[in-house]
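J.: Test case, fold it:
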Amino acid sequence: MSADEMLDRIAYWRQTQPRLDTTGLLPWTVEGLAAGWVSPALADRLLQSELFLSEGRGLALDPRLGGPLMRSRALQELAEQLRDEGWIKGWRDERYDWMDDWGRVRFNLERSAFRTLGLCSRAIHVNGYIEDGGLWLGTRATHKSVDPGKLDNLTAGGIASGESPEDTLQRELAEEAGVPTRLAGFARPVGILRSQRREPDGVHDELLYCYDLPLPDDFAPVNTDGEVSQFQLLQPPQVAEQLGAMTWDAAAVTVAWLGRWLDGEC
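T.: From the prediction side, this is the model:
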């Protein structure tokens with residue numbers, strides 16, 4: 001496949017990439033800051049909790065809840081109720097931080113509630129490649145609750161509450177691909193992408209912290225946490241052919257890498 005043909009494949013993928021359509025959803029805010037999106041039915045349920053106030057055409061988290069700690073406690077208790085009522089699926093017992101545009105944590109909450117409430121989460125994605133252009137892709141395990149069996153980056157994972165992107169990078173590279181700490185230290189940050197779309201369980205809104213990691217020719221990733229069924233090393237033209245088989249987020253990160261590869265940057 002020529003470079004022009006690869007660019008055509010990338011252009012086609014971009015045309016099919018979903019965009020966030022908030023038609024029929026209601027916004028909600030925290031201290032006047034846009035936070036998330038919910039369906040009208042869920043908005044009614046949130047108002048019944050008495051943690052939210054009606055505001056304009058949307059909702060606002062009651063400012064009388066106090067600061068981040070009290071907000072976190074109240075919202076976590078509400079999320080547990082919503083889980084028991086069937087609003088939230090795939091409970092993970094892990095928390096994410098919700099940050100404002102200045103990087104300040106306003107509350108933390110069970111990660112599976114983020115899509116339900118339309119909140120923006122954060123994740124790291126790593127392009128693991130070798131110098132001749134080969135890119136390692138993983139296949140998500142079939143038991144994964146999100147995108148089972150789809151192709152993914154070498155490593156991808158949500159940034160847990162209290163973690164930095166670099167903390168998550170080291171942890172996920174070790175767990176998902178068996179990359180030792182010394183080698184993981186060569187990962188280079190290459191930008192942040194935002195992925196937004198409607199999903200059956202709510203709104204997917206995530207900041208993708210992207211890294212490129214050059215790997216030795218003789219390195220082969222090994223999964224240790226059961227979340228990846230296999231890895232394969234593909235040449236860039238093969239990668240371009242597989243974009244439709246990848247998760248939307250992984251494909252976005254991979255398309256950016258392919259652009260850098262075509263420009264001779266990696």
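J.: Distance from stretch 27-38 to the middle of the chain?
T.: Taking the mean of its C-alpha atoms, stretch 27-38 sits 19 Å from the chain's own mean (CA atoms, centre = their mean, to the nearest Å).
J.: Contacts for it, please.
T.: Contacts to stretch 27-38, defined as CB atoms under 8 Å, 6 or more residues apart in numbering, come from residues 22, 25-26, 43, 46, 52, 55, 57-61, 63, 71, 98, 100-101, 106-107, 116-120, 202-203, 205. All C-beta atoms are positioned from the backbone trio N, CA, C, and that covers glycine.
J.: Tell me the predicted confidence for Gly133.
T.: Listed pLDDT for Gly133 reads 75.
J.: scratch that, Glu265 is what I was asking about
T.: Per-residue confidence (pLDDT) for Glu265: 82.
J.: Can I have the buried ones of the contacts of stretch 27-38 as a ChimeraX selection?
T.: To isolate the buried members of the contacts of stretch 27-38 in ChimeraX, using 16 or more other CB atoms under 10 Å:
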select :25,26,43,46,52,58,59,60,61,71,98,106,107,116,117,118,119,120,202,203,205
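J.: Break down the stretch 151-266 of the chain into its helices, ranges please.
T.: Remark: helices assigned in the stretch 151-266 of the chain by DSSP state H, counting those that start in this stretch are 165-177, 181-184, 236-241, 248-262.
J.: Rebuild those helices as CSV, extending it with distance to Leu151 and mean pLDDT.
T.: Output for those, formatted as CSV (distance: least, CB to CB, whole Å; pLDDT from 0 to 100):
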stretch, distance to Leu151, mean pLDDT
helix 165-177, 14, 95
helix 181-184, 22, 95
helix 236-241, 9, 96
helix 248-262, 7, 96
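J.: among those helices, which is nearest Trp87?
T.: helix 248-262 (23.6 Å; CB to CB).
J.: list the contacts for Pro189?
T.: Pro165, Tyr209, Cys210, Tyr211.
J.: got it, and Gly134?
T.: So Gly134 contacts Leu233, Leu234, Gln235 (CB under 8 Å, 6+ apart).
J.: Tell me who's in contact with the residue nearest to Trp28 when sequence neighbours are not counted.
T.: The shortest distance from Trp28 to any non-neighbouring residue, by CB to CB, 6 or more residues apart in numbering, is to Leu59 (4.0 Å). Taking CB under 8 Å, 6+ apart, we find Leu59 in contact with Leu26, Pro27, Trp28, Thr29, Val38, Ala43, Leu46, Leu47, Phe52, Leu53.
J.: Quickly name whichever of these is closest to Glu175.
T.: Nearest member of the contacts of Leu59 to Glu175, counting by CB to CB, is Val38, at 32.4 Å.
J.: now that closest one: how far from Val203?
T.: From Val38 across to Val203, the span is 8 Å (CB to CB, to the nearest Å).
J.: Common neighbours of the two, please.
T.: Leu25, Gly118.
J.: where does the protein dip in pLDDT?
T.: Within the chain, not a single segment meets pLDDT under 70.
J.: buried set for stretch 123-131?
T.: In terms of neighbour count (16+ other CB under 10 Å), stretch 123-131 has its buried residues at Ala123, Ile124, His125, Val126, Asn127, Gly128, Tyr129.
J.: number of nearby residues for the residue nearest to Thr16 when sequence neighbours are not counted?
T.: Nearest residue to Thr16 in three dimensions, chain neighbours excluded: Gly244, at 7.5 Å (CB to CB, 6+ apart). Residues lying near Gly244 (other CB atoms under 10 Å) number 12.
J.: re earlier: filter the contacts of Gly134 down to the buried ones.
T.: Applying 16+ other CB under 10 Å to the contacts of Gly134, the neighbour count classes Leu233, Leu234 as buried.
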